[in-house]
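Chemist: sequence and predicted model, in that order:
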Amino acid sequence: MAETAVEIEYLRKRYGAFEALSGVSLSVPRGSVFGLLGPNGAGKSTLVKSLLTIIRPTECRGTMLGEPIGHRKTLSKVGYLPEQAKFQDYLTGREVIGFSGRLAGVSGAEIKSRLGPLLQLVGMEGWADRPVGTYSKGMRQRIGLAQALINNPELVFLDEPTDGVDPEGRIEIRKMIETMKDEGRTVFVNSHLLSEVEQVADAVAIMSKGKLLRAGPIADITHGGQRFEIRTAGPIPLDLRGRFEQTGFKVMGDKVIIETGDVLSIRPVIDALRSASASIREIREEKFSLEEVFLQTIKGEGKEVA
């Protein structure tokens, strides 16, 4: 069993009668990129802030970096970029990073030695001595990433790291996350941008209304969503269309969609098409995207609650 960076046995948070987190259990392997997904109000930020003791959970059992969640010394090994991070406009980027380092207990000498490489990593060398008030949203996020790394953390929490960043900036932030993983860090990404997470995460968890609905490696989660598409040289014959639809297959013009990962199950469709003298021009296997799995999971939760 892989060693874990975060092991939540049970996490619950109530605000009066409202339950923001309903007994969440979660495991995050060390050295991985882990994505926490969910619609607005799902409880993602509440979960992260509970782990970081920014808010006090109603009930919490588990470990982080091998120590009980909330262990003060362990937090010095953790980096954090909050959602919509706000820094004093009159401070320069260099000063923001240094200030964060001092708050984390990093010595002045260490801050000085780390500043240059960090500014280079986030592409802010040329802007480091300008006031944050002159920065764009993307530049603020870059400085936010640098300050989250100034204490050389083992575990980094990034809350919506690409929020408000242009497409080029999102690509660069993805590369930074990959670099963090290559350095041996565990990166916990909280985001609603599924396509972004799918490109960098090893595993994900899907939340809705304070509950954990699904979790696991992306390959395992999307594996169950395989399908085959068979295309013909012309429209599917009408008599076959009816037979296929009665079987539960989708027929769209010249295409039959079979929701299965079993290649043997498409043989009867191929045989039927050949018997009807329909020319098959393409057979393609596809997997559901993370977005499709996410939507199905959330939709299933809605039916369960209704």
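Modeler: Happy to help now that I have it. Numbers count the residues shown, from 1 in each chain.

Chemist: part of a helix, is residue 153?
Modeler: No: Residue 153 sits outside any helix when classified using DSSP: H, G, I helix; E, B strand; the rest coil, being coil.

Chemist: roughly how far does it sit from residue 77?
Modeler: From residue 153 over to residue 77 the distance is 6 Å, taken as C-beta to C-beta, to the nearest Å. Bear in mind the C-beta positions are built from the backbone N, C-alpha and C, glycine included.

Chemist: more neighbours, these two?
Modeler: residue 153 (21 against 18; other C-beta atoms under 10 Å).

Chemist: tally of neighbours for the residue nearest to the more buried one when sequence neighbours are not counted?
Modeler: In space, not counting the residues next to it along the chain, residue 153 is nearest to residue 79; the distance is 3.7 Å by C-beta to C-beta, 6 or more residues apart in numbering. Around residue 79 there are 23 other residues, counting by other C-beta under 10 Å.

Chemist: ok, now residue 92?
Modeler: For residue 92, using other C-beta under 10 Å, the count is 20.

Chemist: quick one: residues contacting it.
Modeler: Neighbour list for residue 92: 128-132 [criterion: C-beta atoms under 8 Å, 6 or more residues apart in numbering].

Chemist: ok, now how distant is it from residue 112?
Modeler: Counting by C-beta to C-beta, the gap from residue 92 to residue 112 is 15 Å.

Chemist: now the buried members of the contacts of residue 92.
Modeler: Buried residues within these, counting neighbours by 16 or more other C-beta atoms under 10 Å: 128, 131-132.

Chemist: residues in contact with the residue lying closest to residue 216 once chain neighbours are set aside?
Modeler: Leaving aside its chain neighbours, residue 216 sits nearest to residue 203 (6.1 Å; criterion: C-beta to C-beta, 6+ apart). Applying C-beta under 8 Å, 6+ apart to residue 203 gives the contacts 28-29, 32, 34-35, 215-218.

Chemist: mark which of the residues you listed are part of strands, please.
Modeler: Among the contacts of residue 203, the ones falling in strands (DSSP state E) are 28-29, 34-35, 215-217.

Chemist: returning to that earlier point: direction included, what does the strand or helix carrying the residue nearest to residue 153 pair against?
Modeler: Using DSSP states H and E, residue 79 sits within strand 78-81. When sheet partners are counted by DSSP bridges, strand 78-81 sits next to strand 155-159 (parallel).
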